[in-house]
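Trainee: Quick check, what structure comes out for this input:
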Amino acid sequence: MAKLLTRACPCCLIGWFALLLASCSGDGHFTLFGYSTQPNYDPGIRTVYVPIFQNVTYARGLEFELTRAVIREIEAKTPYKTTDCRANADTELIGKIVSTTKGVITVNQLGEVRDAQAGMSVDLVWRDLRPGSTGTILSIERKKEEVRGEVPPAPLPDAKPLPPTPAAAVTPSATYIPELGGSLAAAQKQLVDRTAIQIVSMMEKGW
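Mentor: Here you go, the predicted model:
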């Protein structure tokens, strides 16, 4: 019995030491070894207004599919709720489909398309509408986090500084194989779903 207690004491000490290292913040969340139980999303934001995305490409109808996919992803993956009223929303998410691409990767011996790729580029602006925020662009904060630590390129001689852009870009891609029944329509459906996932992932803390 004494040997069992002697062997158990180091384990007990380690357990107590781990509990002492764990700190509790004022909001009730714990932090241990750099990990925290705090949510990945800003708890101060409750609602998001998502108007129908703009579409300046010839692929008509993608704006409606993408808007529905983004709303569905926000409702499923975040604590935020979407609203139809901008006046009562904490933030608004504005998106614009600026380009769609399709290209051939490989062809077979008959010159027919074997592998093809489709792409899409979407510009996003996530704006804070809460009182006192003065319309802060949350997507700009995310962009700063992504380029942190990188050395900006030296400006060219006599080059005029470019104005800052408030938009953050999402550029997903998808491949399809026509020989196996793949189609451009199916690839565009994948693009819509992947774009919605990327957008909601970028809405985590750090924007």
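
Trainee: Only C-alpha atoms from now on, for both contacts and neighbour counts.
Mentor: OK.

Trainee: Strands along this structure, start to end?
Mentor: Ranges of strands within the chain are 23-24, 30-32, 35-36, 47-49, 54-55, 81-83, 91-107, 113-128, 168-170, 173-176, based on DSSP state E.

Trainee: what's the most buried one of those strands?
Mentor: Of the strands of the chain, the one with the most neighbours on average (mean count of other Cα atoms under 10 Å) is strand 47-49, at a mean of 23.

Trainee: Now S183: closest residue in space, sequence neighbours ignored.
Mentor: Computed as Cα to Cα, 6 or more residues apart in numbering, the closest residue to S183 that is not its neighbour in sequence is Y176, at 6.4 Å.

Trainee: Can you name the residues bridging to that neighbour?
Mentor: Judged by DSSP bridges, the bridge partners of Y176 are A116.

Trainee: R194 is nearest to which of the strands of the chain?
Mentor: Minimum separation from R194 across the strands of the chain (Cα to Cα) falls at strand 173-176, 8.2 Å.

Trainee: residues touching the closest residue to E75 other than its chain neighbours, list them.
Mentor: Nearest residue to E75, sequence neighbours excluded (Cα to Cα, 6+ apart): K81, at 6.0 Å. Going by Cα atoms under 8 Å, 6 or more residues apart in numbering, K81 touches 46-48, 74-75.

Trainee: hmm, try it at 7 Å
Mentor: 46-48, 75 (Cα atoms under 7 Å, 6 or more residues apart in numbering).

Trainee: Check whether D128 really touches G135, as I assumed.
Mentor: Yes: taking Cα atoms under 7 Å as the definition, D128 is a contact partner of G135 at 5.2 Å.

Trainee: which residues sit in contact with the nearest residue to I71 once chain neighbours are set aside?
Mentor: Leaving out its chain neighbours, the residue that sits closest to I71 by Cα to Cα, 6+ apart is T82, at 6.7 Å. Contacts for T82 (Cα under 7 Å, 6+ apart) come out as 47-50, 71.

Trainee: ok, 10 Å please
Mentor: Going by Cα atoms under 10 Å, 6 or more residues apart in numbering, T82 touches 46-50, 70-72, 74-75, 89-93.

Trainee: likewise V98?
Mentor: V98 touches 54-57, 120-123, 169, counting by Cα under 10 Å, 6+ apart.

Trainee: cool, I71 as well?
Mentor: I71 touches 48-51, 81-83, 196, 200, counting by Cα under 10 Å, 6+ apart.

Trainee: What's the separation between it and T195?
Mentor: Distance, I71 to T195, using Cα to Cα, to the nearest Å: 12 Å.

Trainee: Then N88?
Mentor: Using Cα to Cα, N88 is found at 26 Å from T195.

Trainee: Compare the two (neighbour count), which wins?
Mentor: T195 (22 against 13; other Cα atoms under 10 Å).
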